[in-house]
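Engineer: Sequence and predicted structure, then a few things I'm wondering about:
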Amino acid sequence: MKKLFLFFAVLLATSVLFAQKAENLALTPPMGWNSWNTFGVEINEQLIKDIADIFVSTGLKEAGYEYVVLDDGWMDMQRDAHGNLLPHPVKFPNGIKAVADYVHSKGLKFGLYNCAGSKTCAGYPGSRGHEYQDAAKYAEWGADFLKYDWCNTEKLTTEGAYMTMRDALYATGRPFLFSICEWGGTSPWLWAAPIGHIWRSTGDIGPHFGDFKKNPNSWNPMSVLEIIDKNPQNEVRKYAGAGHWNDMDMLEVGNEGLDLYENQSHFALWAMLNSPLMLGNDLREMTKETLAILTNKDIISLNQDKLGIQGFIYAQEGAVQIFVKPLANGEWAVQFLNRSENPAELTFDWNGKTFKDEIFGYEIAFSKDNVRKIKDLYLGKEIGKTSSPTKIKLAKHQSLVVRLLK
Ligand code: GLA
C-alpha cells in the first residue's frame, strides 16, 4: 500500500514538474470557426455538423481552416453526481463525442470551451476545482482545443489558474491547443507563452468597425478599430511567435454591422497582425463576397507566413493608417487603411522610404536600386512598382492591401 502511494506521489510530482503545453501546435496562427459571435449559447449538434460539412464543401478547409470550436453553452447546467460535466441533453442528445467524431471524420479538429472560474460567463459549470477531471473528459471525447475563459474567478490569479489547466491537459496525454481568454487584463503576453498557444489580448469583439462609443457603466463589445489600437504596439507584438500568438478575438467578417470594405479591412488586419483566424459568422448563410474574403489565399498567406512576425504601424498619413509586415524570403506586406467615415486619397511615394522593424530587425529601404513589384491582394493583380508613387483612393473604412514581390 505504502509503495503504491509512493509510486503515485512520484508519478504526480513528475507529471507536474515536467508538464508543458503541447508542442508543435499553432506554429502559425490557428484557423477555424467558433460558435460564439453568431450563435451565443444557441448551439446544437446539427449546427456543428453543418459547419463541418460547409468547411469541406465551400473550400474553407482547403484554405486552411481546421478547428471547429464549441463556445459557451454546450453543457448541462449541473454536473452529475460524480462531478462530471454533462453535455446539454437537448442541444447535444448524442453527447459531445458524437460531434467530435463527426468533425474528425471530415479531417478537421474539434474544440471546446470552459472557464477557470466556478461558472462560465454564461452561467454553466466552470472548471474551478475540477480541472483534471474536466481535462480527462475532453480527452475522452476527443477534443483537440480548449478555450479557457476568465469569468467568476474570485481570488484566482491568472497565471496560476491557466497553469493548472495546462498541466491538467498535459496529464491526459492528448495534445490540446490551449486558448487563454483573460481578455488582456493581466498582460498575458508577458507570462502566457509557456502556458498556452494563443491568448486574448483585448476584450470581446462586436460587429462594429469605427470608433464605437462605449457606455462606461456597462459591458460592451469592442469595435475592430478599438481592438487594433491596442494590438500592434511593440509591447504586445514582441511576445508573439510560432506557437504563441496574440489573439484579437474571433472574426466578425460576414456578420451584420460590417460592409464589404469593412470586412476586407478587418480580415486583412487580423492577417497582418498574426491573430488567429477564427471565423465567427453563420457559414450556412454566407454571401459569395464573404466567402471570397475568407478564402483569399493571398491575405491568408500573410497570416500564415513562416517568418511569423506580427505586423506593426509604419505611419499615419491623414486618415490613412499604414501597417507593414515583414514576410519570409524578404517580401513585405503593406495595408493602407482608411480609418475615417469619408473617402480618402493618398499618393504614396516609396522612393527614399524605409520600413524598419526595431524589434525583430527586419528592414527594407526603397530606392532606384531596390524596386519591388506591387500586388494588390484583394484585386488579385499587380498594380505597379515601387519606382513610382502609388495613387491610392479609398472609400470609407476601405483598405488597399499589397504584397511587395521580389
Ligand atoms: C467571454 C469570452 C467570449 C465568449 C463568452 C462566452 O465573454 O470573452 O469570447 O467565450 O465569454 O460566454
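Structural biologist: Cool, got the structure. Numbers count the residues shown, from 1 in each chain.
Engineer: what residues does this protein put near the ligand?
Structural biologist: Trp36, Asp71, Asp72, Tyr113, Thr120, Cys121, Ala122, Asp149, Cys181, Trp183, Asp204 (C-beta under 6 Å from any ligand atom). All C-beta atoms are positioned from the backbone trio N, CA, C, and that covers glycine.
Engineer: can we see that at 5 Å?
Structural biologist: Trp36, Asp71, Asp72, Cys121, Ala122, Asp204 (C-beta under 5 Å from any ligand atom).
Engineer: what residues are up against Leu258?
Structural biologist: By C-beta atoms under 8 Å, 6 or more residues apart in numbering, the residues touching Leu258 are Pro207, His208, Phe209, Val224, Glu252, His266.
Engineer: Out of those residues, flag the one nearest to Gln233.
Structural biologist: Val224 (16.4 Å; C-beta to C-beta).
Engineer: Give me the buried subset of the contacts of Leu258.
Structural biologist: Pro207, His208, Phe209, Val224, Glu252, His266 (16 or more other C-beta atoms under 10 Å).
Engineer: Work out for me the element the fifth one sits within.
Structural biologist: Taking DSSP states H and E as the criterion, Glu252 maps to no regular element, lying outside all helices and strands.
Engineer: pLDDT score for the closest residue to it other than its chain neighbours?
Structural biologist: Nearest residue to Glu252, sequence neighbours excluded (C-beta to C-beta, 6 or more residues apart in numbering): Pro207, at 4.4 Å. In this model, Pro207 is scored at 95, pLDDT.
Engineer: pretty sure Pro207 contacts Glu256?
Structural biologist: Yes - counting by C-beta atoms under 8 Å, Glu256 is a contact partner of Pro207 at 6.1 Å.
Engineer: start to end distance for stretch 367-376?
Structural biologist: End-to-end distance for stretch 367-376, by C-alpha to C-alpha, to the nearest Å: 20 Å.
Engineer: Looks to me like Met278 is in a strand.
Structural biologist: Yes - read with DSSP: H, G, I helix; E, B strand; the rest coil, Met278 is one of the residues of a strand.
Engineer: Find me the pLDDT at the residue of the stretch 201-350 of the chain at minimum distance from the ligand, would you?
Structural biologist: Residue of the stretch 201-350 of the chain nearest the ligand, by C-beta to the nearest ligand atom: Asp204 (4.7 Å). Here the pLDDT value assigned to Asp204 is 96.
Engineer: For Thr153, give its distance to the ligand.
Structural biologist: 12 Å (C-beta to the nearest ligand atom, to the nearest Å).
Engineer: ok, that residue - contacts?
Structural biologist: Contacts of Thr153 (C-beta under 8 Å, 6+ apart): Cys115, Ala116, Gly117, Ser118, Arg128, Ala161.
Engineer: And these, which is closest to the ligand?
Structural biologist: Cys115 (7.7 Å).
Engineer: can you pull up the bridge partners for the closest one?
Structural biologist: Per DSSP bridges, the residues bridged to Cys115 are Asp149.
Engineer: Please give the element, helix or strand, for Gln46.
Structural biologist: Under the assignment here (DSSP H and E), Gln46 is part of helix 45-57.
Engineer: and the helix or strand just after that helix, how far out from the chain's middle?
Structural biologist: Beyond helix 45-57 in the direction of the C-terminus, DSSP H and E gives the next helix or strand as helix 60-63. Centroid separation for helix 60-63 versus its chain: 16 Å, with C-alpha atoms, centre = their mean, to the nearest Å.
Engineer: C-alpha coordinates for helix 60-63, PDB please?
Structural biologist: What follows is helix 60-63, C-alpha atoms only, in PDB (Å, rounded to 0.1, in the frame of the first residue of the first chain):
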ATOM      1  CA  LEU A  60     -12.700  26.700 -46.200                       C
ATOM      2  CA  LYS A  61     -10.900  23.500 -45.200                       C
ATOM      3  CA  GLU A  62      -8.700  23.700 -48.300                       C
ATOM      4  CA  ALA A  63      -7.900  27.300 -47.500                       C
END
